[in-house]
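Chemist: Give me a 3D structure for the following:
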Amino acid sequence: MNTNDMMEKEEIFSKVLRAGRRTYFFDVRSTKAEDYYLTITESKKFTNDDGSFHYKKHKIYIYKEDFSEFKEILAEMTDFIIKEKGDEVISDRHQKDFKKDFETETKDEDDTLKSAESFTDVDFDDI
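Modeler: Numbers count the residues shown, from 1 in each chain. This is a model prediction of the structure:
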């Protein structure tokens, strides 16, 4: 491997965000022309049945010409989510006692409550 190839792989500046099973790596890298770009890598840990584990990684590359629009859209999307749903996590993976409304109770025409367990499974092949 020549020096230019090694330069392309070298991280100039890095930050890590650990978030449960996921880890996000933010890396500034250098192109062959010695300009900088950003890579964001999501690494997710998976455990095999035998107790061993492996990681799946997904990477995106963001180049300087896209920074302004990327930042605007990212800010717009994150602001929208916080405005609509707040910053509290509402997920069955994060809260063991979380139950969706339709899983716990539903209303029929008489406005009486019925539990989800009282419904009969329908097989659409029978219709």
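
Chemist: and Val37, how far is that from Tyr63?
Modeler: Quick fix: residue 37 is Tyr, not Val. Distance, Tyr37 to Tyr63, using Cβ to Cβ, to the nearest Å: 5 Å. (C-beta placed from N, C-alpha, C; glycine too.)

Chemist: So the two - more neighbours on which side?
Modeler: Neighbours per residue (other Cβ atoms under 10 Å) separate Tyr37 from Tyr63, with Tyr37 holding more: 17 against 12.

Chemist: Run through the residues that contact that one.
Modeler: Applying Cβ atoms under 8 Å, 6 or more residues apart in numbering, we find Tyr37 in contact with Val28, Arg29, Thr31, Tyr61, Ile62, Tyr63, Lys64.

Chemist: Convert the longest helix seen in the chain to PDB, retaining C-alpha atoms only.
Modeler: Longest helix in the chain, counting residues (DSSP state H): helix 67-85. Output in PDB follows, covering the C-alpha atoms of helix 67-85 (Å, rounded to 0.1, in the frame of the first residue of the first chain):
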ATOM      1  CA  PHE A  67     -22.600  20.100   4.500                       C
ATOM      2  CA  SER A  68     -24.900  23.100   4.500                       C
ATOM      3  CA  GLU A  69     -28.000  21.300   3.200                       C
ATOM      4  CA  PHE A  70     -27.200  18.200   5.300                       C
ATOM      5  CA  LYS A  71     -27.000  20.200   8.500                       C
ATOM      6  CA  GLU A  72     -30.300  22.100   7.600                       C
ATOM      7  CA  ILE A  73     -32.200  18.900   6.900                       C
ATOM      8  CA  LEU A  74     -30.800  17.100   9.900                       C
ATOM      9  CA  ALA A  75     -31.800  20.000  12.200                       C
ATOM     10  CA  GLU A  76     -35.200  20.200  10.600                       C
ATOM     11  CA  MET A  77     -35.900  16.500  11.000                       C
ATOM     12  CA  THR A  78     -34.600  16.300  14.600                       C
ATOM     13  CA  ASP A  79     -36.500  19.400  15.600                       C
ATOM     14  CA  PHE A  80     -39.700  17.900  14.000                       C
ATOM     15  CA  ILE A  81     -39.300  14.700  15.900                       C
ATOM     16  CA  ILE A  82     -38.700  16.500  19.300                       C
ATOM     17  CA  LYS A  83     -41.600  18.900  18.600                       C
ATOM     18  CA  GLU A  84     -44.100  16.100  17.700                       C
ATOM     19  CA  LYS A  85     -43.000  13.400  20.100                       C
END
